[in-house]
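Chemist: Model the structure of this input:
(one chain, ligands or ions: 1)
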Amino acid sequence: MSSSSGLSKIRSALVVLSAGALVAAGAVSLQPGPAQAATGDSLGVAAAKAGLFFGVAASPGRLSSIVGQEFNQLTPENEMKPEAIAGSGGTVQNTGNADTLVNYAQNNNMIVRGHTMVWYSQAGSLSGANQSTLNTYIKNVLLKWGNKIAYWDVVNESLDDNNTGNRRNQWPHTLDKDANNDGDYFDSTDTDYIRDSFKQARQVVQANNLKTKLCINDYDIEGLTVKGGSKNKKSDAMYEIVKKYSQEPTKYIDCVGFQAHFNDNPNSVITDDLEANIRRYAELGVEVHLSELDIDDDLSNNDIGKGQAENYRKVVRACLNVSKCTGITVWGISDSESWRSSERGLLFTGSNGSYTKKAAYTAVLEELKKGRGTVDPTPTPSEDPTPTPTPSEDPTPSDTPTDPQTGTCRVTYSDNTWNSGFTAAVTVENTGSDAIDGWSLSWTWPGNQKVTSAWNATVTQSGNQVTARNASYNNLLAPGAKASFGFQASYSGSNDAPEQFALNGETCSLG
Ligand code: XIL
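Modeler: Take a look at the predicted model:
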């Protein structure tokens, strides 16, 4: 890809890495697994089309067919916690249950989020360990599953409750030392278990050429503000940690998990600024996951009164609107089997593999099917690293040079690339003053890319020439309206983006 092309800038700005991350694990792709392909319609399929994963926390006793049918990502709910698998001195043992989950995921084309390495709770024999033992453990767990794990929560729940913005005070924080007493643990003379744990994980990943991505995970960090509108100090503190350790020269952290256990606690309700908060982390270059989502049904009565399904819709939409929000995981299949069963926070009712979809399920599926492109992000001052120029409503003054953005169409193109394939999301906008009834977008591949399937458009390819024609339901493009479609393709060598698109024969601007 030529670094001077406008499109390359758009591509890097619109980083949609989920498939890259999915395949970063080397084992799976965004394609539906066998069980998903059988049903044709599921959360995982809809999410994959939108370029993110939609997963579930599971245990070996809950691996009914619904897991492979509905989800394309799996998090072991307890089976990879040190309590389950850490032996003495940082060794790893008793991995049978975790292996069962990993194998299930592989057989069903699901990616795995490993959860979790360094955590004050459920630490088992690791509890109280020094950094050297933690490092041994980190190395052992990373090497145990290698690229079968796409993402690992290296550090979990490092920050205190009650919106203090401080770290928790128990182990492993007891390893920390603020050498110069300046109130943080970021100086080179300080000791920081978060830094040191990620540093070790990064070294192991690099030395072994792993593609596993390294995440930090916590709760009550979802909103920019908390209930009542005060600043979310816990989220601000996490932001500083992620900023410090995701940028040069450290580059240890790849991803942050917002647990998203939404309940009545004033610090964990769903705020209107969830999307803006996801975006500020995304702008650091890290992926964001809603890693343990459940939404207390009582919220619909007690707190914000919109109903659980609408809350789910809102949360999913916030993620979809930020391209680096690359995955959502619900913390269990059904209400009765949830760790918070009294709060009825999940997408299904029922038990033992016999499940019924709730309104929340339908809301999530509908929202996922809308994809990323159909609802514009709510503008916030800092939201977009490369703001898309808005066509002026007012006529351009006659003495002003021609606005490069006026013309009849504008195209954005973003891809998620892995070793041999990719998915792409394309949005075409009618920037002219006349409605377009029936559209056809064409481009030329610079390499040997070959489209294999598509959604929301009919895509045909002859040689390296591609044409995407509207579907029956998105043929009409009023002035200012957009249509989005996506496709999956194979390639070898490099996967450079097309340099130019034409809509009904007219060259479009990019961005
Ligand atoms: C929970 C599990 O769901 C329960 O089965 C277990 O008894 C306790 O842990 N934050 C996390 C998860 O990071 O690991 C927790 O999982 C829920 C809160």
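
Chemist: can we go C-alpha only for contacts and neighbour counts from here?
Modeler: Noted.

Chemist: List the buried residues of stretch 233-243.
Modeler: Using 16 or more other C-alpha atoms under 10 Å as the test for burial, stretch 233-243 gives 233, 234, 235, 236, 237, 238, 239, 241, 242, 243.

Chemist: Can I get these in JSON lines including pLDDT, distance to residue 358 and secondary structure?
Modeler: What follows is these, written out as JSON lines (pLDDT from 0 to 100; distance: C-alpha to C-alpha, whole Å; DSSP: H, G, I helix; E, B strand; the rest coil):
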{"residue": "233", "pLDDT": "98", "distance to residue 358": "34", "secondary structure": "helix"}
{"residue": "234", "pLDDT": "98", "distance to residue 358": "32", "secondary structure": "helix"}
{"residue": "235", "pLDDT": "98", "distance to residue 358": "31", "secondary structure": "helix"}
{"residue": "236", "pLDDT": "98", "distance to residue 358": "34", "secondary structure": "helix"}
{"residue": "237", "pLDDT": "98", "distance to residue 358": "36", "secondary structure": "helix"}
{"residue": "238", "pLDDT": "98", "distance to residue 358": "33", "secondary structure": "helix"}
{"residue": "239", "pLDDT": "98", "distance to residue 358": "34", "secondary structure": "helix"}
{"residue": "241", "pLDDT": "98", "distance to residue 358": "37", "secondary structure": "helix"}
{"residue": "242", "pLDDT": "98", "distance to residue 358": "36", "secondary structure": "helix"}
{"residue": "243", "pLDDT": "98", "distance to residue 358": "38", "secondary structure": "helix"}
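
Chemist: Out of the residues you listed, which is nearest to residue 51?
Modeler: Ranked by distance to residue 51 (C-alpha to C-alpha), the buried residues of stretch 233-243 are led by residue 242 at 23.4 Å.

Chemist: didn't the closest one look like it was pressed against residue 253?
Modeler: Yes. If you go by C-alpha atoms under 8 Å, residue 242 and residue 253 touch, sitting 6.7 Å apart.

Chemist: Low-confidence regions, the chain specifically.
Modeler: Scanning the chain with the threshold set as pLDDT under 70 gives 1-40, 299-306, 374-406, 417-421, 423, 473.

Chemist: residue boundaries of the helices in it?
Modeler: Taking DSSP state H to define them, one finds helices in the chain at 6-13, 18-24, 34-39, 43-50, 65-70, 82-85, 96-107, 131-145, 193-207, 233-246, 274-282, 299-302, 308-320, 359-370.

Chemist: Quick one: those as CSV, columns for distance to residue 476 too.
Modeler: Below are the helices of the chain laid out as CSV (distance: least, C-alpha to C-alpha, whole Å):
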stretch, distance to residue 476
helix 6-13, 26
helix 18-24, 30
helix 34-39, 30
helix 43-50, 22
helix 65-70, 32
helix 82-85, 55
helix 96-107, 41
helix 131-145, 49
helix 193-207, 48
helix 233-246, 42
helix 274-282, 29
helix 299-302, 37
helix 308-320, 24
helix 359-370, 17
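
Chemist: what about those helices, which gets the closest to residue 119?
Modeler: Nearest to residue 119, of all the helices of the chain, is helix 82-85, at 8.5 Å by C-alpha to C-alpha.

Chemist: my guess is residue 180 contacts residue 190, does it?
Modeler: Yes. Because the distance of 7.3 Å satisfies C-alpha under 8 Å, residue 180 is recorded as touching residue 190.

Chemist: Those two: which is more packed in?
Modeler: Shown here are residue 180 and residue 190; by other C-alpha atoms under 10 Å, residue 190 has more neighbours (16 against 12).

Chemist: any idea how far residue 252 is from the more buried one?
Modeler: Remark: distance between residue 190 and residue 252 (C-alpha to C-alpha, to the nearest Å) = 17 Å.

Chemist: who wins for proximity to residue 503 among the helices of the chain?
Modeler: Per C-alpha to C-alpha, nearest to residue 503 of the helices of the chain: helix 6-13, 16.4 Å.

Chemist: Mind checking the helices of the chain for the one nearest to residue 416?
Modeler: helix 18-24 (5.0 Å).

Chemist: OK, contacts around the closest residue to residue 310 other than its chain neighbours?
Modeler: Among residues not flanking residue 310 along the chain, residue 363 sits closest, at 7.0 Å (C-alpha to C-alpha, 6 or more residues apart in numbering). For residue 363, the contact set (C-alpha atoms under 8 Å, 6 or more residues apart in numbering) comprises 309, 310, 312, 313.

Chemist: so which of these comes closest to residue 431?
Modeler: residue 313 (29.5 Å).

Chemist: and that closest one, how many neighbours?
Modeler: 20.

Chemist: With residue 97 instead?
Modeler: 18.

Chemist: Centroid-nearest residue for this structure?
Modeler: residue 326 (1.8 Å; C-alpha atoms, centre = their mean).

Chemist: My read is that it contacts residue 289, right?
Modeler: Yes. Using C-alpha under 8 Å, residue 326 and residue 289 qualify as a contacting pair, with a distance of 6.0 Å.

Chemist: show me what contacts residue 218?
Modeler: Contacts of residue 218 (C-alpha under 8 Å, 6+ apart): 156, 157, 158, 159, 257, 258, 259.

Chemist: Provide the partner residues of it in its beta bridges.
Modeler: Beta bridges link residue 218 to residue 258, judged by DSSP bridges.

Chemist: Distance check, the nearest residue to residue 75 once chain neighbours are set aside against residue 328.
Modeler: Once flanking residues are discounted, residue 75 sits nearest to residue 57: 4.5 Å by C-alpha to C-alpha, 6+ apart. Separation of residue 57 from residue 328 (C-alpha to C-alpha): 11 Å.

Chemist: Likewise for residue 62?
Modeler: For residue 62, the distance to residue 328 - C-alpha to C-alpha - is 19 Å.

Chemist: For these two, indicate the residue with more neighbours.
Modeler: residue 328 (27 against 17).

Chemist: got the contact list for that one?
Modeler: So residue 328 contacts 52, 53, 54, 55, 289, 290, 291, 292, 293, 316 (C-alpha under 8 Å, 6+ apart).

Chemist: Skipping its backbone neighbours, what lies nearest residue 79 in space?
Modeler: Nearest one to residue 79, counting by C-alpha to C-alpha, 6+ apart, is residue 98 at 5.1 Å.

Chemist: Report the separation between the residue nearest to residue 310 and residue 43.
Modeler: In this view, residue 363 and residue 43 are 11 Å apart by C-alpha to C-alpha.

Chemist: Quickly list what residue 424 is bridged to.
Modeler: With DSSP bridges as the rule, residue 424 is bridged to residue 415, residue 487.

Chemist: Quick check: it vs residue 444, distance?
Modeler: With C-alpha to C-alpha as the criterion, residue 424 and residue 444 are 15 Å apart.

Chemist: Show me which of these two is the more surrounded one.
Modeler: residue 424 (22 against 19).

Chemist: Quick check: the more buried one touching residue 495?
Modeler: No. In this structure residue 424 lies outside contact range of residue 495 using C-alpha under 8 Å: 11.2 Å.

Chemist: how many other residues sit next to residue 293?
Modeler: 24.
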